[in-house]
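Visitor: model this:
(chains A and B)
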Amino acid sequence: MHELAITQGILSVVLEAAEAAGARRVLAVDLIVGALTGYVDDSIRFYFDLLSRGTLAEGAALRIRREPGEGCCQACGARFPVEPPLTPVCPLCGSPQIQVEGGTRCLVERIEVEDGNEHPGGEGDPSGQ
Amino acid sequence: MGTNIPVVKAILQANEAVAAENRAAFDAAGLLVVNLMSAPGAGKTSLILTTLERLPDALRVGVIEGDIASTLDAERIAARGIPVVQINTGGACHLDAPMIRSALAHLPLAALDLLFIENVGNLICPAEFDLGAHLNVVIASVPEGHDKPYKYPGMFQKADAIVLNKADLLELLDFDLAAFRHGLEILRPDPRLFIVSCRTGQGVDAWVQWLMEQRRARSPSANAT
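Guide: Here you go, the predicted structure:
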């Protein structure tokens, strides 16, 4: 159930962007989910399908890119991707002198939409179809 | 083929906007706000109660209690004569900034120096929702095991301080303190760790002293308290 609230957040960002673009329908959503957050992709998909019913985003494909944290070894300088559970030592040289950063972002990167009949009232709007 | 529209927006931006408003309200009232997060049963309420006993009498403290249901924790606080507001999230596993904003209407902010927010017991979601607090504190407890920073890094990465509670059980259980501390150090250089037992009072003074330092650092006029 942890994913319910963030999926509400995802949907509201998606719908806002789709409406601003005058879209008729959202076909796909590109999402970045930090691996260190503990959120489960399948749960996000489950709630997205449920919450998006009756909205512009109903039926949209959810493309989730998991963004790992980045480990950095102070002993050998290696950089390596990190997912929970963290390992206590560098996977290359075995040193415990490691630091982990990042992997906590959650954001909507891009949406793919089916255009509406009319473009939104932007400047230089071409002369209709 | 559809049209691609770049968005690049944080999912919780609406929450973060309200959190910023909360923080501004706290700053205007000159109080320090501490968000306490932990798994269920680690000792959030116990830490608040133990801390209350050791804070200077002149310090005016309030508490916001977050729970999925029930007012048991709030009753324990109110029994001490402390202003407390209960938020029942009705199933949601964390507090969010709008819930805090609603609760603030029921607290005498200008008459407080320190506000504890006891989040819902959970090591995942509360980390994602900025409430507008100045300090995020994670409470872990010895019976949970030393692997929690490795399994729930998001929560520990955002902690300004970590309180390891139930330290009186260290000698009874196979809790590897060095491994726990190392897990914290991987996520945050020089983590501020307090090893306490709310039951025996061990280590609580150092935690309270740190809290008071944090308050003084934010409010130069607070030296009187």
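Visitor: what sits against residue A:58?
Guide: Residue A:58 sits next to residue A:52 when contact means Cβ atoms under 8 Å, 6 or more residues apart in numbering or on different chains. (Glycine included, C-beta is placed from N, CA and C.)
Visitor: report the central residue of chain A.
Guide: For chain A, the residue whose C-alpha lies nearest the mean C-alpha position (Cα atoms, centre = their mean) is residue A:31; its distance is 2.1 Å.
Visitor: for the one helix or strand that residue maps to, the averaged confidence score.
Guide: Of the helices and strands defined by DSSP states H and E, residue A:31 is found in strand A:23-34. Model confidence over strand A:23-34, given as mean pLDDT, is 97.
Visitor: only the buried residues of that strand, if you could.
Guide: The neighbour-count check on strand A:23-34 (16 or more other Cβ atoms under 10 Å in any protein chain shown) flags A:23, A:25-34 as buried.
Visitor: between all of these, which two are separated the most?
Guide: Considering Cβ to Cβ, no two members of the buried residues of strand A:23-34 lie farther apart than A:25 and A:34, which are separated by 28.4 Å.
Visitor: so the residue nearest to the centre of chain A sits right up against residue A:111, yeah?
Guide: No. In this structure, residue A:31 is not within contact of residue A:111 by Cβ atoms under 8 Å, at 9.6 Å.
Visitor: which residues sit in contact with the spatially most central residue of chain B?
Guide: Averaging the C-alpha coordinates of chain B gives a centre point, and the residue nearest to it by Cα atoms, centre = their mean is residue B:36 (1.4 Å). For residue B:36, the contact set (Cβ under 8 Å, 6+ apart) comprises B:44, B:47-48, B:116-119, B:137, B:139.
Visitor: next step: those restricted to helices.
Guide: Judged by DSSP state H, the subset of the contacts of residue B:36 located in helices is B:44, B:47-48.
Visitor: of those, which is the most crowded?
Guide: residue B:44 (27 neighbours; other Cβ atoms under 10 Å in any protein chain shown).
Visitor: about what we covered before: and of the ones in helices among the contacts of residue B:36, the nearest to chain A?
Guide: residue B:44 (18.4 Å; Cβ to the nearest Cβ).
Visitor: any idea how far that closest one lies from residue B:201?
Guide: From residue B:44 over to residue B:201 the distance is 17 Å, taken as Cβ to Cβ, to the nearest Å.
Visitor: can you check which helix is longest in the chain?
Guide: I'll assume chain A. Per DSSP H, chain A has its longest helix at helix A:3-20.
Visitor: wait, I meant chain B there
Guide: helix B:13-29.
Visitor: can you show me the CA trace of that one as PDB?
Guide: As requested, the backbone C-alpha atoms of helix B:13-29 are provided in PDB (Å, rounded to 0.1, in the frame of the first residue of the first chain):
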ATOM      1  CA  GLN B  13       5.900  18.600  -5.800                       C
ATOM      2  CA  ALA B  14       2.400  19.400  -4.500                       C
ATOM      3  CA  ASN B  15       3.400  18.100  -1.100                       C
ATOM      4  CA  GLU B  16       6.700  19.900  -1.200                       C
ATOM      5  CA  ALA B  17       5.000  23.200  -1.800                       C
ATOM      6  CA  VAL B  18       2.800  22.800   1.300                       C
ATOM      7  CA  ALA B  19       5.800  21.600   3.300                       C
ATOM      8  CA  ALA B  20       7.600  24.900   2.400                       C
ATOM      9  CA  GLU B  21       4.600  26.800   3.700                       C
ATOM     10  CA  ASN B  22       4.600  24.800   6.900                       C
ATOM     11  CA  ARG B  23       8.300  25.500   7.400                       C
ATOM     12  CA  ALA B  24       7.700  29.200   6.900                       C
ATOM     13  CA  ALA B  25       4.900  29.100   9.500                       C
ATOM     14  CA  PHE B  26       7.200  27.400  12.000                       C
ATOM     15  CA  ASP B  27      10.000  29.800  11.300                       C
ATOM     16  CA  ALA B  28       7.700  32.800  11.800                       C
ATOM     17  CA  ALA B  29       6.600  31.300  15.200                       C
END
